[in-house]
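> Please work out how this folds:
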Amino acid sequence: MERDSFILFRHPKSGEVRPGYYGFSWDSLWSFGLVWLRRSPRLALQYMNPLCFFVAGAVLAILPNDTVVDIGGISVRLIVLFAGAMMGMALVAHVIYAFQCNRVYTRMMRDLGYEMLPGVNQQEARAALGFDEDKEKEATHGER
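Numbering: from 1, shown residues only. Now for the predicted structure:
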């Protein structure tokens with residue numbers, strides 16, 4: 001199983017060292033967001049929303065319902081159709097979250113005062129997280 005790419009951050013006052021992640025979140029994809037309980041409980045609820053919709057869809061699919069819809073000659077219970085749509089939307093949302101959650105988490109750490117430690121992949125991490133773009137924006141706003 002592939003792991004998320006990371007770079008180390010240190011808090012200047014407490015000295016605490018924590019990993020900051022960047023790139024696609026394979027951990028989040030395979031754990032359906034449960035990895036965020038360990039990384040950041042504050043963000044866990046946000047990234048576990050697709051899991052809630054997926055479970056709700058699965059529960060709806062097993063509930064008894066007599067309403068039947070005829071789709072192309074195939075009779076489908078309405079509740080199963082609705083549950084399938086919910087589960088499909090949850091999976092799409094989950095993949096979208098996997099693309100953005102590492103960046104959000106690492107930027108949150110930077111906003112809390114953590115500083116990036118030098119590493120072999122520092123330039124790659126800065127580019128993936130958009131940290132260099134932030135410096136350019138600050139310089140542009142500072143010139144005004």
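> then whichever helix or strand L8 is part of to CSV, C-alphas only?
Here L8 sits within strand 5-10, counting by DSSP states H and E. Output of strand 5-10 as CSV, limited to C-alpha atoms (Å, rounded to 0.1, in the frame of the first residue of the first chain):
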residue,chain,number,x,y,z
SER,A,5,4.3,11.9,0.9
PHE,A,6,5.4,14.0,3.9
ILE,A,7,7.8,16.6,5.2
LEU,A,8,8.6,17.3,8.8
PHE,A,9,7.5,20.4,10.6
ARG,A,10,8.6,21.8,14.0
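> That strand pairs with which strands, and in what direction?
Strand pairing for strand 5-10, using DSSP bridges, gives strand 17-22 (antiparallel), strand 115-116 (antiparallel).
> contacting residues around the shortest one?
The reference is to strand 115-116. Residues outside strand 115-116 that contact it (C-beta atoms under 8 Å, 6 or more residues apart in numbering): I7, L8, F9, R10, H11, P12, G20, R110, Q122, A125, R126, F131. For glycine as for every other residue, the C-beta is placed from the backbone atoms N, C-alpha and C.
> Can you name the residues in contact with the helix or strand just after it?
Note on strand 115-116: by DSSP H and E, the next helix or strand toward the C-terminus is helix 122-129. Outside helix 122-129, the residues that touch it by C-beta under 8 Å, 6+ apart are S5, I7, G20, Y22, G23, R103, T106, R107, M116, G119, F131, D132.
> same question, stretch 20-37
Looking at stretch 20-37 with C-beta under 8 Å, 6+ apart, the contacting residues turn out to be 1-9, 39, 43-44, 46-51, 54, 94-95, 97-99, 101-103, 105-106, 109-110, 114, 116, 124-125, 128-129.
> Please list the members of these that lie in helices.
Counted as lying in helices by DSSP state H, out of the contacts of stretch 20-37, are 39, 43-44, 46-47, 49-51, 54, 94-95, 97-99, 101-103, 105-106, 109-110, 124-125, 128-129.
> before we move on, the earlier item: please identify the most buried of the strands paired with strand 5-10.
Greatest average neighbour count among the strands paired with strand 5-10 goes to strand 17-22 (a mean of 18), per mean count of other C-beta atoms under 10 Å.
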